[in-house]
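Participant: based on what follows, work out the 3D shape:
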Amino acid sequence: MTRRDLLALAAAPALRAAPGSPVAIGRCASYGEDVAAVLARMFDQLGGLPRLVRNRTVTIKLNLTGNPGMRFQGQPVGVTHFTHPKVVGAVAHLMGEAGARRVRFVESAWATSGPLEEFMLDAGWNVRQLKSAAPLVEFENTNALGLGKRYARLPVPGGGYLYPAYDLNHAYAATDVFVSLAKLKDHETCGVTLSLKNCFGNTPASIYGDDAGEHEPNENPKKGRLEVFHHGKRPPSKSAPQELHPESSREPGYRVPRVVADLAGARPIDLAIIDGIASVAGGEGPWIKGLRLVRPGLLIAGLNPVSTDAVAAAAMGYNPRAPRGVAPFTTCDNTMLLAEQKGIGSADLTRIDVRGVPLAEARFPFTG
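Facilitator: Numbers count the residues shown, from 1 in each chain. Down below sits the predicted model:
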């Protein structure tokens, strides 16, 4: 590092994070192609899966946002706003081949604390086939206590933006490797839905939902997190750590990106994978007006979520360092920059080693 580099770091605290980890981009035109082969090549470009997962428990957070029966233009949910089951199955298969001891799929399923497998069946998934993708496959709906005996309290290193710690389902703590398996999408509140925003769903509605218990978790939650996280109109259950700055802005574009950055510190992401083979632009799901089907034909993966999301945002045609007021962060703060300021990773493309398909060739503008 040169003297000029040192001076630049001293002058810009947001850039003190370590240089961005390598990020791999793969081309995959459809889910009918050999998705596993493309992902295997990408993982090799990142140094190989065995060194990350061999003899370890791997917990994979999926993106299954919204009602599984809600379709956009009659398309399967995996083609639009869910992580596609072909990608999920391919990742599980490769984890098993790499020697993972256990593969556990998790998601805080919409409006239910029932088994995650039932939620997947409602979405049209072949759960039996997914169970056979690796030697030991488990499922956990993290919307409540689930199969655990108690919630795990995960502190935010150095203090959080909104909360000092988060109470999560045991699955997020009882694991050796944590994977965010996200979808390449825009997001109405957070600008983009990538590996960081995917982990907003780590939080159990039993504690952080609109119908969470006042003093203790409500183990049968039916509502989301609008009142607690988006608008701050009510606190989480008193059993969990309370908000650090109740006097702060109640605006969703301020609050949600900070919750996401907090969670990335509390439960670090060891591997980020983004399904961009087919998706939607203009929002995160069918409830958003102006949604459009898009087919970028991309898979993106990296060992650092901030760097991975920066490359993904650039592939979508956005500047990953864009400030509030600039698309896609028109009405919100940039989660990548908030996470970068906490030292979680770098969103500076000049510091990220992009491997596989060059970024210039991967670009698929989501603005139409």
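
Participant: quick one: contacts for Leu121?
Facilitator: For Leu121, the contact set (CB atoms under 8 Å, 6 or more residues apart in numbering) comprises Val127. From N, CA and C alone the C-beta is placed, and that goes for glycine too.

Participant: mind checking the SS state of it?
Facilitator: helix (DSSP: H, G, I helix; E, B strand; the rest coil).

Participant: that one and Arg71: what is the separation?
Facilitator: 16 Å (CB to CB, to the nearest Å).

Participant: the helix or strand hosting Ala182 packs against which elements?
Facilitator: Here Ala182, judged by DSSP states H and E, is contained in strand 177-183. Counting contacts by 3 or more CB pairs under 8 Å, 6 or more residues apart in numbering; DSSP states H and E, strand 177-183 is packed against strand 57-61, helix 85-97, helix 195-198, strand 271-276.

Participant: other residues contacting the shortest one?
Facilitator: Going back to what we said before, that points to helix 195-198. 61, 63, 180-183, 187, 190, 260-261, 264, 269, 272-274, 305-306, 308-309, 312, 335-336, 339.

Participant: for the stretch 51-200 of the chain, which segments are assigned as strands?
Facilitator: Using DSSP state E, counting those that start in this stretch, the strands of the stretch 51-200 of the chain run over 57-61, 102-107, 137-141, 152-155, 165-168, 177-183, 185-187, 191-193.

Participant: quick revisit: can you put the helices and strands packed on strand 177-183 in TSV and add distance to Val79?
Facilitator: TSV is the format used below for the helices and strands packed on strand 177-183 (distance: least, CB to CB, whole Å):
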stretch	distance to Val79
strand 57-61	20
helix 85-97	10
helix 195-198	18
strand 271-276	10
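
Participant: among those, which is nearest Asn169?
Facilitator: strand 57-61 (10.0 Å; CB to CB).

Participant: the closest one vs strand 271-276, what angle?
Facilitator: 40 degrees (axes from the mean of the first three to the mean of the last three CA atoms, to 10 degrees).

Participant: and strand 57-61, how far from the chain's centre?
Facilitator: 12 Å (CA atoms, centre = their mean, to the nearest Å).

Participant: one more: stretch 137-144?
Facilitator: Using CA atoms, centre = their mean, the offset of stretch 137-144 from its chain centre is 16 Å.

Participant: for stretch 274-281, same thing?
Facilitator: On CA atoms, centre = their mean, the centre of stretch 274-281 falls 13 Å from that of its chain.

Participant: same thing with stretch 100-108?
Facilitator: 15 Å.

Participant: Trp125 is nearest to which of the helices and strands packed on strand 177-183?
Facilitator: Closest approach to Trp125 among those (CB to CB): helix 85-97, 4.9 Å.
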